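Participant: Just a sequence and a predicted model for now, questions to come.
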Amino acid sequence: QVQLVESGGGLVQAGGSLRLSCAASGRTVSSLGLAWFRQGPGNESEFVSGVGWSGILTYYADTVRGRFTISRDNAKNTAYLQMNSLKPEDTAVYFCAAAKTVTNLRVLDYDYRGQGTQVTVSA
């Protein structure tokens, strides 16, 4: 079993930055890819970014490429999402998910997911 706990959300002005963390626990977490999704009010979950188990392969949605950076520290069993140049449309609950592959864009294809952390970007 894998447990995922997100932190780092908050309220920030447009143009600001936040860094989200996803702390993972479980014996197999180092062999899993980790991804970030977000769900805004009234919207379905949206893939944001993913990183493979080694940290080498990374994937980004077009809406965040160039502004967000995903990384992971397997020694700490933690994945990070550095979010820069934030926009009001980035406002959402951000949650992480784990699976063997992070090329899937649907959260239903992931085996584990966390509860999420709220990110609010004011204009």
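Facilitator: Cool, the structure landed.
Participant: So in terms of bridging, what pairs with the residue nearest the centre of the chain?
Facilitator: Among the residues of the chain, the one closest to the centroid is Trp36, at 2.2 Å (CA atoms, centre = their mean). Counting by DSSP bridges, Trp36 is bridged to Ser49, Cys96.
Participant: List the residues that contact it.
Facilitator: Leu20, Cys22, Val48, Ser49, Gly50, Ile70, Ala79, Leu81, Tyr94, Phe95, Cys96, Ala97 (CB atoms under 8 Å, 6 or more residues apart in numbering). Every C-beta, even on glycine, is put in place using the N, C-alpha and C of the backbone.
Participant: rerun that using 6 Å as the cut-off
Facilitator: Neighbouring residues of Trp36 by CB atoms under 6 Å, 6 or more residues apart in numbering: Val48, Ser49, Leu81, Tyr94, Cys96.
Participant: Out of these, give me the one that has the most neighbours.
Facilitator: Per-residue neighbour counts (other CB atoms under 10 Å) across the contacts of Trp36 peak at Cys96, which has 31 neighbours.
Participant: Next, find the distance separating it from Asn74.
Facilitator: Distance from Cys96 to Asn74, counting by CB to CB, to the nearest Å: 15 Å.
Participant: Leu34 now?
Facilitator: 10 Å.
Participant: So between the two, which is more surrounded?
Facilitator: Leu34 (30 against 14).
Participant: Okay, and the residue nearest to the more buried one when sequence neighbours are not counted sits in which element?
Facilitator: Of all residues not flanking Leu34 in the chain, Ala79 sits nearest, at 4.1 Å (CB to CB, 6 or more residues apart in numbering). If you go by DSSP states H and E, Ala79 is part of strand 78-83.
Participant: chain center to that strand, what's the gap?
Facilitator: 7 Å (CA atoms, centre = their mean, to the nearest Å).
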